[in-house]
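Participant: prediction below, plus the sequence it came from.
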Amino acid sequence: MILTPVLALSEIEDEIEVTPPPNWKPSNSIDTSASMIWFQNSTKSVFAIVKAPNNLVAPLFLAGPLLTGYLKYKGILESADQLNFGHNNHGYRYFLNLSSPSDLLNSSSGLIPTKDFLQEIPQGYDIPYQGMLILTEKHGGLYAIILLSPTDSFNSILNEINPTLGSIHLTKYNKIENRVTTCL
């Protein structure tokens, strides 16, 4: 009997490398290599990095302006610009005025996984929120970076997560499996 080690290449996977915001609790509902959500209980704020579903395959140069028009049409867009952030990331940034957190989720056209995201905001906490949404593209995939916070604490929370925004590195990697085969 001969044992032969074999390397087998699996699939290419998305990965988010980020320094989590301090004093924020990671979500129990979603935490994968391609989507992460954190919650700050004291302010009822949510910060997330979410990979868009694979069936949303518009390039950023089309998706960014389309989302700008859509958010404006929905009446929640305060301002929009483009920015560079983190490790060679570029995207469209939207500042939003929301009568409630569910306004963003209802306006995202499937970009944000509503079920996972809404679980992080306590029931009955539908007060005016401000939001920041960054839409970016890496390796052919769209990502949404979202901050939702009650209006009265939004600016201080945005300043608090700036180091986290600066640490974001969106990558792809080859998942490699080691296998041992037996030959008789």
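Facilitator: Looks like it came in fine. If you're wondering where the values come from, they're calculated on a predicted model, not measured in any experiment.

Participant: I figured Leu135 hits Gly64, correct?
Facilitator: Yes - Leu135 lies in contact with Gly64 (Cβ atoms under 8 Å); the separation is 5.8 Å. Every C-beta, even on glycine, is put in place using the N, C-alpha and C of the backbone.

Participant: which neighbours do those two share?
Facilitator: 91-92 (Cβ atoms under 8 Å, 6 or more residues apart in numbering).

Participant: which of the residues in stretch 92-101 are buried?
Facilitator: 92-98, 101 (16 or more other Cβ atoms under 10 Å).

Participant: now do stretch 48-66
Facilitator: Across stretch 48-66, burial judged by 16+ other Cβ under 10 Å covers 48-52, 60, 63-64.

Participant: could you find the lowest-pLDDT member of the residues you listed?
Facilitator: Minimum pLDDT across the buried residues of stretch 48-66 is recorded for Ala52, with 79.

Participant: which residues touch it?
Facilitator: Neighbouring residues of Ala52 by Cβ under 8 Å, 6+ apart: 111, 141-144.

Participant: contact partners for Gly131?
Facilitator: Counting by Cβ under 8 Å, 6+ apart, Gly131 makes contact with 76, 94-96, 98, 101, 104, 146-149.

Participant: tell me the one of those residues nearest Met36?
Facilitator: Ile146 (10.9 Å; Cβ to Cβ).

Participant: please enumerate the helices of this structure.
Facilitator: Taking DSSP state H to define them, one finds helices in the chain at 60-74, 101-106, 114-118, 154-167.

Participant: return the most buried member of those.
Facilitator: Stretch with highest mean neighbour count among those: helix 101-106 (a mean of 20; mean count of other Cβ atoms under 10 Å).

Participant: average pLDDT for it?
Facilitator: Rounded mean pLDDT across helix 101-106 is 60.

Participant: nearest residue to Phe95 in space, please, no chain neighbours.
Facilitator: Nearest residue to Phe95, sequence neighbours excluded (Cβ to Cβ, 6 or more residues apart in numbering): Glu78, at 4.4 Å.

Participant: distance of the one you found relative to Ala144?
Facilitator: Using Cβ to Cβ, to the nearest Å, Glu78 is found at 17 Å from Ala144.

Participant: likewise for Phe47?
Facilitator: Remark: distance between Phe47 and Ala144 (Cβ to Cβ) = 12 Å.

Participant: and the two? Which one has more around it.
Facilitator: More neighbours surround Phe47 than the other of Phe47 and Ala144, with 26 against 22 (other Cβ atoms under 10 Å).

Participant: circling back: and which of the buried residues of stretch 48-66 is nearest Pro26?
Facilitator: Distance to Pro26 across those (Cβ to Cβ) is lowest for Ala48, with 10.6 Å.
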